[in-house]
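Here's a sequence, model it:
(chains A and B)
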Amino acid sequence: MKPAPFEYLAPNKLSEAVSLLSELGEEASIMAGGQSLVPAMTVRLASPDTIIDVNNIKELKNINIDDQNIRIGALVTHSDVESSEQLRSVLPILSTIAKHIAHPTIRNRGTFGGSLAHADPAAEWPCVLLGMNGSIKANSVRGERTIKAKDFFQSLFSTTLETDEILTEAIIPLSATRSSWVFQEVSKQVGAFGIVFVLVGVLKNQSGLVEDVCAVLGGCGDVPLIPSVNQTIIVGKIPTINLVEQYTAEIIRSLDPPSDINATKGNRIQMARTLLMRALTEALSL
Amino acid sequence: MSKMHEITINLNGVDRNLEVEPRRLLCDVLREDFGLTGTHVSCEIGVCGVCTVLMNGKTCRSCLTFAIQADGAEVKTVEYMNQAKGLNYIQKAFHENHALQCGYCTPGFLIVLDNLFTNNKNPSDDQINEALSDVLCRCTGYKNIFKAACDAREALKQM
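As a prediction, the model looks like this:
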């Protein structure tokens, strides 16, 4: 099949893009890298009347690090994240994770902001933003607002972005750079969608006590999950394999992952357990 | 039918003009409007990689790009590889290693390897494999394609 007819607009300024979107509303789609939108249009899962291509808006392509935050423009591609020395110097895990996203050619065009706004449950960046306590910036003719990642991802392919808003920036607080991060993923082959993936961040103090621990799971629900479990199993203690096992068991007990064509619920639980154990032991240097 | 747009693509080194409907995919425009049928089309949803071309020096799935987005861009297809007649060093390595059977996926492999060798004169085996992971081959298996890529790497050192 081929995409249905549509009108094409490619504004140079964000102000123009938000006015167009406000005027056209739900009939229009924003296009960033197009690596999910174009195939959806080809198989006619999506047939917007108008495409607003935002690729000419240069200000959305920047990576900036100020004294509090890492700011990743919505049009920064996965390849840009993978190769950015600036990001690698503060948060090298981002480059490692970028390599798990599809194939190099898709990473050349797929964007950080597009991935967040699309909110595919198999996408890695939503997990990262949630785990690192990040937020997104959204612009519309009504102004600009910041939405916490925990309030952003609603369900399958659905976010709290309003129909007149454009996601313009992802914000990761610099405090995230203090933790040791480990990412683990199971996929059928290199480049395929992740079936289950986990991101673990650990902060230890100088005497080796765990100050903070965070585990985010992808592929175990409609949105990335941070299971609410008793943190004191591991926080405030000198970590041991035994404590990691207890902590992992608590997380596993809280999960209710879906069964689908890629894996059954039981498979997913097994994968989550193994990946969590690996990620936690590596992050805690056990 | 939606509004037509005038676009200019620098295609294999030559500026080409065309009026296109926005819905037209780059792969279809290359094949149907410019007659460059070296770019193949298979899955049309970005999975198989046989339609890969170079856009502004980066590999790009031409089935996941609207032709209108290539306005003002430099696009290279597999046809630019043997403009000087005969096979280039990557094509020669494919020929010598029996790295193709039906040949449908070959243009995709040639483009990703050309791009790899342009950016890295001596890629590691892992880097070659990562590049090859971009394209699906359903008949040879990847062994001979990998061997051809390694031969091309050696040939490049002699150049």
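
what's in contact with stretch A:162-172?
A:14, A:17-18, A:21-22, A:25-26, A:30, A:54, A:60, A:69-74, A:91, A:112-113, A:116-117, A:125, A:128-129, A:132, A:134-142, A:144, A:146, A:161 (Cβ atoms under 8 Å, 6 or more residues apart in numbering or on different chains). For the C-beta atoms, the positions are set from N, CA and C on the backbone; glycine is no exception.

meant to ask about stretch A:33-40, not that
For stretch A:33-40, using Cβ under 8 Å, 6+ apart, the contacting residues are A:3, A:29, A:31, A:46, A:75, A:77, A:102, A:106, A:109-111, A:114, A:118, A:120, B:25, B:44-46, B:61, B:63-66, B:69.

In the chain, where is pLDDT below threshold?
Going with chain A. Of all residues in chain A, none has pLDDT under 70.

look at chain B instead
In chain B (pLDDT under 70), no residue qualifies.

Going along the chain, name the helices of it.
B:26-28, B:89-96, B:106-119, B:125-132, B:143-158 (DSSP state H).

rewinding a little: and the contacts of stretch A:162-172, which of them are buried?
Applying 16 or more other Cβ atoms under 10 Å in any protein chain shown to those, the neighbour count classes A:14, A:17-18, A:21-22, A:30, A:54, A:60, A:69-74, A:91, A:112-113, A:116-117, A:125, A:128-129, A:132, A:134-140, A:161 as buried.

rewinding a little: so which of the helices of chain B gets nearest A:Ile226?
Nearest of these to A:Ile226, taken as Cβ to Cβ: helix B:125-132 at 31.2 Å.

Take the helices of chain B and write them to CSV, including mean neighbour count and distance to A:Leu167.
Output for the helices of chain B, formatted as CSV (neighbours: other Cβ atoms under 10 Å in any protein chain shown; distance: least, Cβ to Cβ, whole Å):
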stretch, mean neighbour count, distance to A:Leu167
helix B:26-28, 24, 25
helix B:89-96, 19, 40
helix B:106-119, 23, 30
helix B:125-132, 17, 29
helix B:143-158, 17, 39
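
Including distance to chain A, could those helices go into JSON lines?
Listed next are the helices of chain B as JSON lines, based on distance: least, Cβ to the nearest Cβ, whole Å:
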{"stretch": "helix B:26-28", "distance to chain A": "7"}
{"stretch": "helix B:89-96", "distance to chain A": "17"}
{"stretch": "helix B:106-119", "distance to chain A": "7"}
{"stretch": "helix B:125-132", "distance to chain A": "6"}
{"stretch": "helix B:143-158", "distance to chain A": "14"}
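
Who are the contact partners of the closest residue to chain B within the stretch 151-286 of chain A?
Of all residues in the stretch 151-286 of chain A, A:Val190 sits closest to chain B, at 4.7 Å by Cβ to the nearest Cβ. Under the criterion of Cβ under 8 Å, 6+ apart, the contact list for A:Val190 reads A:His103, B:Glu130, B:Ser133.

Report the secondary structure state of A:Arg203.
One correction, residue A:203 is Leu, not Arg. Recorded secondary structure, A:Leu203: strand (DSSP: H, G, I helix; E, B strand; the rest coil).

and the helices of chain B as CSV, adding distance to A:Ile241?
Shown next, in CSV, are these (distance: least, Cβ to Cβ, whole Å):
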stretch, distance to A:Ile241
helix B:26-28, 52
helix B:89-96, 49
helix B:106-119, 42
helix B:125-132, 31
helix B:143-158, 39
